[in-house]
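> predicted model follows, preceded by the sequence.
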Amino acid sequence: MRLFPIRGGIHPDYRKELASEQAIVVLPMPTELFIPLQQHIGAPAETLVAAGDLVKKGQMIARSQGAVSAPQHAPTSGRISAVTNAPAPHPSGLAQLTIILEADGRDEWAELPEPIADPFAATPQAIKDRVAASGIVGMGGAAFPSAVKLNLGIQLKLEILLINGAECEPYLTCDDRVMREHADEVVDGARIMAHALGAPKVVVAIEDNKPQALAAMARAASAYGNVEVIGVPVQYPMGSERHLTQAITGRETPAKKLTADLGVVVHNVATARAVRDAVRLGRPLLSRVLTVSGGAVREPKNIEVPIGTRVSELIAFCGGFNSEPSRLVNGGPMMGQPLPSLEVPVVKGTSGILALTPEEVNDAAPGPCIRCGTCVTICPCGLSPLEMAAFIRNDKLDAAARLGVQDCVSCGSCSWICPSHIPLVHYFNYAKGMLMEQNREERKIERTKTLAEEHATRIERAAAAKQAAMAAKLAAGKEKGGAAAEEKASA
């Protein structure tokens, strides 16, 4: 398959060698798990348990709410000690409603749904229902409920299911190891998803700096004529679904459109594996593979971790710190978020935990923009970061919006390349959040206005109906009185 160039991009120091040769190890079950009800884009799950309840592994403990949501399941057997607010893995450190589970050490399974023995004979709806009930979300970091994306095949004609194995973020190697060690499961899950989507072709795209993963996936795909494994250039942010789609198809996703509008749906390799487990084995999403790395970590590892494990337990499992970290990051160093503390839990979208040294962070005080234009040159979305930032600094968000700030994918390339160390992506994330809030407020005002108008219309209609009824009653009374008078006169 011919590859197409993508605009801009950078080549940071990838530092993947810290963990890439570390095979996946399974973390021993913690004694206590903290399972937030909000681990995905959309509405939080609604709890089904209370303090004191006994649960088994795989049991649903919180159900999805609404069209865009995902349920939560018990990663092991034990007792619910509390349903309460607890710190979340979010830069704000704000608490959110969390189910706290005390493990009983037995790891006893609940009764699981029957495996779908032949997924390719099952209806697409049966696959989607199983994925939804299993609580699977995008495991590349976005955490969008996977069953919702599988519904796109109903709305649009799809050509390609694109499996994202690029893993372009520095340090992270969990997807690399999943592809090396579980290639058959990833390919099987991808084929099942393609069946549910009605997509005739599966393309697995992997950056060229993962030769062992490319080889393993190619072997696993060799038996299937509709599955192709392709190496793509090492160019950050190749793992962005819009840019990966462009590299594979040559088509650029228009603003405010989805890659699905171009006939391409993108899923992560770990998501494909989770779908396979849900369909073939009946198992919900209870754990995930993530990378613990960074110069401050004594023994970087790729670990299969139960959802709800506290970050402090991962660091201890990796031998602790060999120096005081300058920054803790949830995810990769480019698009990840600062961790407020080590006492927050791993969630479904956690792809990595990084503990970075001062040398790796390279913090410097921001200076004035020298208008070198480098950020414009490397922006993979073709935006003008320096102009957008200038508008945002002066609270001219509408002007930034006209320049396309909402099309920014927050890859952080502009901040990384800036010689003045200006935190450009922070400005853009702030602006996008404020514009979204303004949009919500405008929709709320418009909705309130519509409801008020509908209320006034109903009152007018009721008054008109009442007036018409009174007029009809009066007319009927007059008619009856006239008839009586006429009858009396004739008598």
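Yep, it's here.
> pretty sure residue 246 contacts residue 4?
Yes. Distance between residue 246 and residue 4: 6.2 Å, which falls inside the contact criterion (Cβ atoms under 8 Å). For the C-beta atoms, the positions are set from N, CA and C on the backbone; glycine is no exception.
> same drill for these two, tell me which one is more crowded.
Counting neighbours by other Cβ atoms under 10 Å for residue 246 and for residue 4 shows that residue 246 has the greater number, 23 against 13.
> then the more buried one would be within a helix, right?
Yes. Assigned with DSSP: H, G, I helix; E, B strand; the rest coil, residue 246 falls within a helix.
> how much space between it and residue 461?
As judged by Cβ to Cβ, to the nearest Å, residue 246 and residue 461 stand 54 Å apart.
> with residue 39 instead?
Between residue 39 and residue 461 the distance is 47 Å, computed by Cβ to Cβ.
> which of those two has more neighbours?
For residue 39 versus residue 461, the count of surrounding residues by other Cβ under 10 Å is larger for residue 39: 26 against 10.
> show me the domain layout of the protein.
In terms of domains, the chain is parsed into 16-103+123-290, 291-361, 365-483 (source: automatic domain parsing).
> now do the first one: distance from first to last residue.
Using Cα to Cα, to the nearest Å, the gap from the first to the last residue of domain 16-103+123-290 comes to 13 Å.
> measure stretch 57-75 end to end?
5 Å.
> pLDDT of that stretch, averaged?
Mean pLDDT, taken over the full extent of stretch 57-75, equals 95.
> let me have the domains of the chain in a markdown table, extended by distance to residue 110.
Rendered in a markdown table, the data for those read as follows (distance: least, Cβ to Cβ, whole Å):
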| stretch | distance to residue 110 |
| --- | --- |
| domain 16-103+123-290 | 4 |
| domain 291-361 | 15 |
| domain 365-483 | 39 |
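> residue ranges with poor pLDDT in the stretch 301-450 of the chain?
Filtered on pLDDT under 70, the stretch 301-450 of the chain yields no residues whatsoever.
> strands along that one, start to end?
Secondary structure of the stretch 301-450 of the chain by DSSP state E, counting those that start in this stretch: the strands cover 301-306, 327-330, 337-338, 352-356.
> and what of the stretch 51-200 of the chain?
Taking DSSP E, counting those that start in this stretch as the criterion, the stretch 51-200 of the chain contains strands spanning 54-55, 60-63, 72-73, 78-87, 95-103, 160-165.
> could you dump the ones you listed into JSON lines and include distance to residue 185 and mean neighbour count?
Listed next are the strands of the stretch 51-200 of the chain as JSON lines, based on distance: least, Cβ to Cβ, whole Å; neighbours: other Cβ atoms under 10 Å:
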{"stretch": "strand 54-55", "distance to residue 185": "27", "mean neighbour count": "18"}
{"stretch": "strand 60-63", "distance to residue 185": "23", "mean neighbour count": "20"}
{"stretch": "strand 72-73", "distance to residue 185": "19", "mean neighbour count": "28"}
{"stretch": "strand 78-87", "distance to residue 185": "27", "mean neighbour count": "17"}
{"stretch": "strand 95-103", "distance to residue 185": "26", "mean neighbour count": "20"}
{"stretch": "strand 160-165", "distance to residue 185": "12", "mean neighbour count": "27"}
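> next, format the ones you listed as JSON lines and append distance to residue 438.
Supplementary listing: the strands of the stretch 51-200 of the chain in JSON lines, determined by distance: least, Cβ to Cβ, whole Å:
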{"stretch": "strand 54-55", "distance to residue 438": "42"}
{"stretch": "strand 60-63", "distance to residue 438": "32"}
{"stretch": "strand 72-73", "distance to residue 438": "32"}
{"stretch": "strand 78-87", "distance to residue 438": "28"}
{"stretch": "strand 95-103", "distance to residue 438": "24"}
{"stretch": "strand 160-165", "distance to residue 438": "32"}
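> which one of these lies nearest to residue 113?
In this view, the strands of the stretch 51-200 of the chain are compared for proximity to residue 113 by Cβ to Cβ, and strand 60-63 is the closest at 10.6 Å.
> chain center to the closest one: distance?
The chain centre lies 19 Å from the centre of strand 60-63; the measure is Cα atoms, centre = their mean, to the nearest Å.
> pairing partners for it, with directions?
The strands beside strand 60-63 in its sheet (DSSP bridges) come out as strand 46-47 (antiparallel), strand 72-73 (antiparallel).
> by contact count, what packs against the top helix by length along the chain?
Criterion DSSP state H: the longest helix present in the chain is helix 424-490. Counting contacts by 3 or more Cβ pairs under 8 Å, 6 or more residues apart in numbering; DSSP states H and E, the secondary-structure elements packed against helix 424-490 are helix 385-393, helix 397-402, helix 413-417.
> ok, and what's touching the longest one?
Around helix 385-393, the neighbours that count as contacts under Cβ atoms under 8 Å, 6 or more residues apart in numbering are 369, 371, 373, 375-376, 379, 397, 399-400, 403-405, 408, 414, 422, 424, 427-428, 430-431.
> thinking again about what came up before, let me know which of the strands of the stretch 51-200 of the chain is the nearest to residue 30.
The closest of the strands of the stretch 51-200 of the chain to residue 30 is strand 95-103. By Cβ to Cβ, the value is 6.7 Å.
> now the helices for the stretch 1-150 of the chain?
Using DSSP state H, counting those that start in this stretch, the helices of the stretch 1-150 of the chain run over residues 124-133, 146-150.
> could you dump the ones you listed to TSV with mean neighbour count?
Below are these laid out as TSV (neighbours: other Cβ atoms under 10 Å):
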stretch	mean neighbour count
helix 124-133	20
helix 146-150	25
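> distance to residue 259 added to the ones you listed, as TSV?
Supplementary listing: the helices of the stretch 1-150 of the chain in TSV, determined by distance: least, Cβ to Cβ, whole Å:
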stretch	distance to residue 259
helix 124-133	19
helix 146-150	10
